[in-house]
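A.B. asks: structure for the following, please:
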Amino acid sequence: MVKTITRHGNGSAIPLDRTLLDQLGVEPGDRVQLTCSNGSLVVTPLNTFIADEPFTRSQARMLKRYKTTLKHLAE
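C.D. replies: As a prediction, this is how the structure comes out:
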């Protein structure tokens, strides 16, 4: 796939098609790491998800701490 580098404010941009975004598993607004390797630009998605176990522990602490408040808000 051939792309043209365009002006974007004081910088430059390379438009990425939906197909490329899907292959990378990213959406507009997601963060990526850019590196140069042997004259090539490498785009690596940054995984910003929370692993299940730490999330579950954090959720349990939050529910324990704010149980009464959450109950009142639900009513």
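
A.B. asks: count the neighbours of A60 for me.
C.D. replies: 10 (other CB atoms under 10 Å). Every C-beta, even on glycine, is put in place using the N, C-alpha and C of the backbone.

A.B. asks: same check on L21?
C.D. replies: As a burial measure, L21 scores 14 neighbours (other CB under 10 Å).

A.B. asks: using the three-state scheme, assign it.
C.D. replies: Under DSSP: H, G, I helix; E, B strand; the rest coil, the three-state class of L21 is helix.

A.B. asks: how near is the closest residue in space to it that isn't next to it in sequence to L20?
C.D. replies: With sequence-adjacent residues excluded and distances taken as CB to CB, 6 or more residues apart in numbering, L21 is closest to E27, at 6.6 Å. From E27 over to L20 the distance is 12 Å, taken as CB to CB, to the nearest Å.

A.B. asks: and these two? which has more neighbours close in?
C.D. replies: More neighbours surround L20 than the other of E27 and L20, with 14 against 10 (other CB under 10 Å).

A.B. asks: can you give me the neighbour number for the closest residue to that one other than its chain neighbours?
C.D. replies: In space, and not counting its chain neighbours, L20 is closest to M1: 7.5 Å by CB to CB, 6+ apart. Other residues lying near M1 total 6 when counted by other CB under 10 Å.
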